[in-house]
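Student: Any chance you could fold what I've pasted below:
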Amino acid sequence: MKMMRAIQVPAKGEPMKLVEIPVPVPGEGQVLLRIEACGVCNGDSMAINGGASEYPRIPGHEIVGSVEQLGHGSTKWDIGQRVGIGFHGGHNHVTGLTMDGGYAEYVVVFEDALIQIPDEVSSEEASPLMCAGETTFSALRNSSARPGDLVAVSGIGGLGHLAVQYAKKAGYQTVAISRGSDKEKLARELGAHHYIDSDKEDPAEVLKVLGGAKVILATAPNPKVISSLVNGLKKNGELIIVAGSGERLELSAMDFLKGPYTVKGSFTAQAKEIDDAVRFSVLTDVRPMIEVFPLEKASEAYEKMMSAKTRFRAVLSMST
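Tutor: Numbering: from 1, shown residues only. Alright, predicted model coming up:
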């Protein structure tokens, strides 16, 4: 029996551990992937903190690998093709939550949920695009902003550093918002036309001076900050939330009547949207900034990601 290394959450409430278990066998409509890289995402905390459908469970939903074996009736992919999968695992499954994910050397996935990974991007760089990249790309693409409009990105972290790149490449007048002056140089290198240090200035007031934002993308899960940004929108502007803490926003009816404004969330993560995000990233040379860890250091990678000590996406590489 062929064995593999994997990082499992053994049971609800127990910490992750490195184990050696049999390589899974693909069923009908499934394929076996030899994993090359898996991003470490805040969404993994659901399985790690006890929210999986059953245990033991292997977390991870930003997976890139090559097709190793085809299940019965699988015809969409060829052996050796490099593919990726995100949060939606297909057939009503959630990758790394209701089915095993990518903190392992192999994984079984449904063929319909996969996308092809272009040669121009490495597996390590492609893996964060399966979730973080697609989330920010789709939020902007589906927004009301059009080329030339003022678009602000609040938070220059794992999501925000990608959002700034997408906004610039899509032709928006791009504003980056973050605490402190230390991220200004990077934000401008990523494409921001303006930088607002929220420690020194009220972002909403600065946005008003700039004419008001057509769209503000909130990528940092701070409800107080998110709520204050509404006042920086122009008439009929949108505040789009792509990261949240579960805490309530501090908004009144008057906040909406002053606009009118729209406050909404954005989450897609289907295969077509991921494919579009990856293709746009390759076309416009958008890449995540990553810190690579070997599989056995998954717990360290996760803790650094959760404490915002990675710059900016943690990635497990099975070849490291």
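Student: Can you give the distance from the longest helix along the chain to the centre of its chain?
Tutor: As assigned by DSSP state H, the longest helix anywhere in the chain is helix 271-284. Centre-to-centre, helix 271-284 and its host chain are 13 Å apart (C-alpha atoms, centre = their mean, to the nearest Å).
Student: Give me the helices and strands touching it, please.
Tutor: Packing partners of helix 271-284 (3 or more C-beta pairs under 8 Å, 6 or more residues apart in numbering; DSSP states H and E): strand 82-85, strand 115-116, helix 132-141, helix 160-169. C-beta coordinates here come from the backbone N, C-alpha and C atoms, glycine included.
Student: Throw the ones you listed into CSV and include distance to V292, mean pLDDT and mean neighbour count, thanks.
Tutor: Shown next, in CSV, are the helices and strands packed on helix 271-284 (distance: least, C-beta to C-beta, whole Å; pLDDT from 0 to 100; neighbours: other C-beta atoms under 10 Å):
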stretch, distance to V292, mean pLDDT, mean neighbour count
strand 82-85, 17, 98, 25
strand 115-116, 22, 98, 19
helix 132-141, 15, 98, 26
helix 160-169, 16, 98, 27
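Student: Reformat those as JSON lines; add distance to A187.
Tutor: Converted to JSON lines, the helices and strands packed on helix 271-284 look like this (distance: least, C-beta to C-beta, whole Å):
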{"stretch": "strand 82-85", "distance to A187": "28"}
{"stretch": "strand 115-116", "distance to A187": "29"}
{"stretch": "helix 132-141", "distance to A187": "15"}
{"stretch": "helix 160-169", "distance to A187": "6"}
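Student: So for S317, which of those sits nearest?
Tutor: S317 sits nearest to strand 82-85 of all these, at 14.2 Å, using C-beta to C-beta.
Student: Can you name the residues in contact with that closest one?
Tutor: With contact meaning C-beta atoms under 8 Å, 6 or more residues apart in numbering, strand 82-85 is reached by 33, 36, 61-67, 77, 95, 109, 113-117, 123, 126-127, 129-130, 271, 274, 278.
Student: just the buried members of these?
Tutor: 33, 36, 61-67, 77, 95, 109, 113-115, 117, 123, 126-127, 129-130, 271, 274, 278 (16 or more other C-beta atoms under 10 Å).
Student: Next up, the contacts around the residue nearest the centre of the chain.
Tutor: In the chain, the residue lying closest to the centroid (C-alpha atoms, centre = their mean) is A132, at 1.5 Å. By C-beta under 8 Å, 6+ apart, the residues touching A132 are 39, 41, 62, 158-159, 162, 288, 313.
Student: measure it to A47 for me?
Tutor: Distance, A132 to A47, by C-beta to C-beta, to the nearest Å: 17 Å.
Student: List the residues that contact L114.
Tutor: Contacts of L114 by C-beta under 8 Å, 6+ apart are 31, 76-77, 83-85, 271.
Student: Quick check: which element contains the residue lying closest to Q165 once chain neighbours are set aside?
Tutor: Counting by C-beta to C-beta, 6 or more residues apart in numbering, Q165 lies nearest to V286, which is 4.4 Å off, once chain neighbours are set aside. Per DSSP states H and E: V286 is located in neither a helix nor a strand.
Student: hmm, back to that, please narrow the contacts of A132 to those residing in strands.
Tutor: Among the contacts of A132, DSSP state E puts 39, 62, 313 in strands.
Student: Now distance to K169 and pLDDT too, for those, in TSV please.
Tutor: Converted to TSV, the ones in strands among the contacts of A132 look like this (distance: C-beta to C-beta, whole Å; pLDDT from 0 to 100):
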residue	distance to K169	pLDDT
G39	21	98
E62	21	98
R313	18	97
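Student: need the residues you listed in JSON lines with distance to G232, can you?
Tutor: Formatted as JSON lines, the ones in strands among the contacts of A132 follow (distance: C-beta to C-beta, whole Å):
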{"residue": "G39", "distance to G232": "31"}
{"residue": "E62", "distance to G232": "31"}
{"residue": "R313", "distance to G232": "27"}
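Student: what's the closest of those to H194?
Tutor: R313 (24.3 Å).
Student: Give me the angle between the helix or strand hosting V64 and helix 132-141.
Tutor: V64 belongs to strand 62-70 when elements are defined using DSSP H and E. Angle of strand 62-70 versus helix 132-141, following axes from the mean of the first three to the mean of the last three C-alpha atoms, to 10 degrees, is 120 degrees.
Student: Dump strand 62-70 to PDB, keeping only the CA atoms.
Tutor: Extracted as PDB, the C-alpha positions of strand 62-70 are listed here (Å, rounded to 0.1, in the frame of the first residue of the first chain):
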ATOM      1  CA  GLU A  62      -5.600  26.500  -2.300                       C
ATOM      2  CA  ILE A  63      -4.300  23.400  -4.000                       C
ATOM      3  CA  VAL A  64      -2.100  23.100  -7.100                       C
ATOM      4  CA  GLY A  65      -0.800  19.700  -8.300                       C
ATOM      5  CA  SER A  66      -0.500  17.300 -11.200                       C
ATOM      6  CA  VAL A  67      -3.000  14.600 -12.200                       C
ATOM      7  CA  GLU A  68      -1.600  11.300 -10.900                       C
ATOM      8  CA  GLN A  69      -4.600   8.900 -11.400                       C
ATOM      9  CA  LEU A  70      -8.000   9.000 -13.000                       C
END
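Student: Many thanks, we can stop here.
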